[in-house]
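Enquirer: Got a predicted structure plus its sequence, pasted below:
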Amino acid sequence: MDGPSPARLYATAVGAALVVFGIVGFFYSASFGSPGEIREVFGAFAVNGWGNVLHVLTGVLGLLAADYASRRYSLWLGAFYIGLALWGFTIGSGEAILSFLPVNGADNLLHLALGVLGVLAALGTPVAKRKTKEKDSPVTA
């Protein structure tokens, strides 16, 4: 179990926020088309069923990883969301990544912020030391 750290805070807070955001997104659009019916959550973030599933899954992974792999989660999720943001900036606002994951300017900025914070949280967290098993320690009675 990891102790208190930036990565553990990131995994817990971002994981919970992504789960909530994904669930709320289903109230706006649950369409699984390519890209299907796209709605804007809070008037800013483009969502559809695929985006909602992505948010819920990455959030649940964060909540599960918070106790034992928060540094790894923060680093990998951060890198993933930076890549997603760069891809979104490249294709432009109002388009869909792989023709099914909608993005717009607000999504791209949020993904970039989540990504950078994840990488920084991972880099700000020391690598956990592995416990070694004592070899042939004598047992005294």
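Expert: Received it, and whenever you're ready, just let me know what you need.
Enquirer: which residues sit in contact with V116?
Expert: Counting by Cβ atoms under 8 Å, 6 or more residues apart in numbering, V116 makes contact with 78, 82. C-beta here means a position set from N, CA and C on the backbone, and glycine is covered the same way.
Enquirer: Looks to me like it is in a helix.
Expert: Yes. Judged by DSSP: H, G, I helix; E, B strand; the rest coil, V116 forms part of a helix.
Enquirer: any idea how far L98 is from it?
Expert: Per Cβ to Cβ, to the nearest Å, V116 is found 23 Å from L98.
Enquirer: G25 now?
Expert: Taking Cβ to Cβ, one finds G25 at 18 Å from L98.
Enquirer: Please identify which of the two sits among more neighbours.
Expert: Higher neighbour count among G25 and L98: G25, with 23 against 10, using other Cβ atoms under 10 Å.
Enquirer: Mind checking what secondary structure the more buried one has?
Expert: helix.
Enquirer: That one against F42, yeah?
Expert: No. G25 is beyond contact range of F42, at 10.1 Å (criterion: Cβ atoms under 8 Å).
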